Each structure stands twice: as C-alpha cells, then as structure tokens.
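Undergrad: all I have is the shape, not the residue letters:
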C-alpha cells in the first residue's frame, strides 16, 4: 500500500512538472517577478481574428504580410512609467522579417535579441523565426527594454531560417543597408502607398519585392529586386514594364535586367556604366533537392511490390556471398594441406599407419 501511494505521488509530480513546462512554452512573456522594474501587469490581450487588428498600431500592414495570432501585455513601473510587449505570430519567417524592415525607425542589427532587431529611444522591435515582437517603454531605460527583449527571445526558442534569399542578392557596391525594405507579397507593397509613387514598378502579378537605396559618388537611386513564381511570368512582366513610360524627373533613368524568375529595376540618376556595375554582379541560380518520403506507399517493378522484390534480391545476394566464401575457405584449406604435406611429410595427418587401408576379400 505504501509503495502504491509513493508511485501515485511520483506520477502526480511528473504530470505537474510537464504541465508547468507546457505552460511556460506557450507564453513568451516574462515570468512574474523576473524583472523588478515591472511591478504590475495592468492589461493583457490575445486574439487570432484579423478584424481586431484595427485597434493595433500598423494593424493593416500586419494583416497584409500574413497574420496568425496576436498577444499583448502592459506592465506598470515606478511612477507613471509603463512597458508594453506585443508578440505577433505570422505565417512564416519572411513575414516577420518584412515587418522588421518596414516598421523600424533605425538600422537593423544582427541579434540577439532575435534573429535581427532595431532599437530606438523607448522602442525595440525584433523578429525570431515567424514571430515579430514590439516592445515600447515610457519612462523606462533602454537597457531594461533590451533585457526584456532577450528574455522574450529566449522563450521563443531557436533562431529561424535566416534572411530571405532575395535579400542576399543585393550587390554591396553602393548599398545603403539601413534603407532595406522587404515585402513578401504585393499586398503589403500596395498597403504602403508611398512605395508605389515615383517608380515604374507596378503590381501586375504576385511577387516578392526587396528595395534598397544605392549611392555611387554623386549618383543615387533605388534598386528593386522582384522575384516571380516562374521565369515565364517574369518574362511577361519584363515585356510589359519595358513599354511603360518612365516617370518624369530631371536626370532620372530606369534600367532593367531579368535573370530567370528574377527582375532587377534600378531607378535614379545613374549613368549607364554605373548601372552596369551595380546590376552585373546580381546572379540567380536554381537548386534541386531530392526528398525521400518514407510515408509514401511503395511502388511496383514488373508487377512485384518493391518491398518483396528488395527482400528477394537481398536474400539472393546473401546466398551468393555465402557460396563464394565457402569456395574460398575450401581453396585455402586445400592449399594449407598441400603445403603441410610438402614441408612436413611425416606429420600426423599424413602418417601411413593412420592412412593404411585394409582390404577384405570376401567370398
């Protein structure tokens, strides 16, 4: 009876520990009393309905890049100070990185916290995997914001898949990385009206868009990289945009280049030689990765299931190997026997008395 009670207590403690671990894993906010500066939780909100984003700062843009869930907590601090933490879960890491590039007020830095972050006075945002986090503080030192950000980042888990591949294609010559903007789709690009004015880039098809400012000596402008689902769509877009009139502006030109499904649009006061120096290093290559799906059903060869055929071939191979090994063993044994007879004629194995044959003549 005592052993049964002890076993029940151990099981209960294990279940409690598992429940506590799951509870912490589901919450990315700091634990109670983790930061002495945060004295009291004043408000909390959580939802997955995109219509509720109307009450959130930049809610329309968050919905356009690919919204999943939203969670927010506000803490009070000493005096009238307060701190707000928003954790937005999105459809993928590209959407989270897009919000970081579009809503930052300073340059992007490599994490931690997060995969990448941007901070200003009383404001810190970062992305971690498919989650984008915004921390706003009023009357709270920026060092506290950074500590809170690291705590939230650690609770989210391991880093994401890295930067979108389109961003890595920007040439370094003349690039102002602090102006980088990334759009995972055309809907987010259209939601920022200032992005669609003064440019020949138009939304005709669904595409990824990355933009950044370039400056070479006294020449400056914007390079836009557009990635389409297929190279056929990119070719159609190239033909259509080539016929579009260039926007008016003193000394402004536009240069186009297409590489497979990638379209490069350089706009600004660049000369032809400078534009060639910027666009020429851009390369795009395809990669093929074979994935073996173990969950798929086995096929047939000559009407025989692959699993049965494989077992038969394996059994045949084992028999052949066994036969070869037997022949080799016999040959080695015979060679040793002959060598022993030649070197030691009177050895016990070749003793005539042991090998004497008695013949019986029976009537």
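TA: In hand now; what should we look at? Since the structure is predicted, the reported quantities are computational estimates derived from the model, not experimental observations.

Undergrad: could I get the full set of helices for this structure?
TA: 2-25, 59-66, 93-103, 142-156, 186-191, 231-242, 272-279, 306-343, 352-355 (DSSP state H).

Undergrad: neighbouring contacts of the third one?
TA: If I follow you right, that is helix 93-103. 58, 61-62, 65-66, 88, 90, 108, 115-118, 125-132, 134, 160-161, 163-164, 167, 180-184, 188, 192, 208 (CB atoms under 8 Å, 6 or more residues apart in numbering). In short, each C-beta sits where N, CA and C put it, glycine included.

Undergrad: which among the residues you listed end up buried?
TA: Applying 16 or more other CB atoms under 10 Å to those, the neighbour count classes 61-62, 65-66, 88, 90, 108, 115-118, 125-132, 134, 160, 163-164, 167, 180-184, 188, 208 as buried.

Undergrad: pLDDT below threshold where in the stretch 251-363 of the chain?
TA: Low-confidence segments of the stretch 251-363 of the chain, defined by pLDDT under 70: 251, 286-307, 309, 346-363.

Undergrad: returning to that earlier point: of the contacts of helix 93-103, which belong to strands?
TA: Counted as lying in strands by DSSP state E, out of the contacts of helix 93-103, are 88, 90, 116-118, 125-128, 131-132, 134, 180-183, 208.

Undergrad: can you count the residues close to residue 262?
TA: 20 (other CB atoms under 10 Å).

Undergrad: isn't it right next to residue 226, touching?
TA: Yes - Residue 262 is within contact range of residue 226, at 7.2 Å (criterion: CB atoms under 8 Å).

Undergrad: what sits in contact with each of these two?
TA: In terms of CB under 8 Å, 6+ apart, residue 262 and residue 226 are both contacted by the residues residue 234.

Undergrad: which residues does residue 104 contact?
TA: 118, 125.

Undergrad: swap in residue 70?
TA: Taking CB under 8 Å, 6+ apart, one finds 45-48, 52-53, 56, 62, 86-89 in contact with residue 70.

Undergrad: using TSV, please lay out the residues you listed together with distance to residue 153.
TA: Listed next are the contacts of residue 70 as TSV, based on distance: CB to CB, whole Å:
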residue	distance to residue 153
45	21
46	19
47	23
48	22
52	25
53	23
56	21
62	19
86	14
87	11
88	14
89	14
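
Undergrad: which among those residues gets closest to residue 221?
TA: residue 62 (29.7 Å; CB to CB).

Undergrad: look up how far residue 214 lies from the closest one.
TA: Distance check for residue 62 against residue 214: by CB to CB, to the nearest Å, it reads 29 Å.

Undergrad: and for the nearest residue to residue 121 once chain neighbours are set aside, the neighbour number?
TA: In this structure, residue 121 finds its nearest non-sequential neighbour in residue 142, 6.6 Å apart by CB to CB, 6 or more residues apart in numbering. For residue 142, the tally of surrounding residues (other CB under 10 Å) stands at 14.

Undergrad: what do you get for residue 227?
TA: Residue 227 sits with 18 neighbouring residues when counted by other CB under 10 Å.

Undergrad: which non-adjacent residue is nearest it?
TA: Per CB to CB, 6+ apart, closest to residue 227 is residue 208, 4.1 Å.

Undergrad: ok, that neighbour to residue 106 distance?
TA: Residue 208 is 24 Å from residue 106, by CB to CB.

Undergrad: what does stretch 209-221 rub up against?
TA: For stretch 209-221, contacts defined as CB under 8 Å, 6+ apart pick out 164, 166-167, 169-170, 173-177, 179-183, 186, 189, 195, 201, 222-227, 252, 266-271, 274, 277-278.

Undergrad: mark which of those are buried, thanks.
TA: Applying 16+ other CB under 10 Å to the contacts of stretch 209-221 flags 164, 166-167, 169-170, 174-175, 180-183, 186, 189, 195, 201, 222-227, 266-270, 274, 278 as buried.

Undergrad: which residues touch the closest residue to residue 188 other than its chain neighbours?
TA: Of all residues not flanking residue 188 in the chain, residue 64 sits nearest, at 4.4 Å (CB to CB, 6+ apart). Under the criterion of CB under 8 Å, 6+ apart, the contact list for residue 64 reads 185, 187-188, 191.
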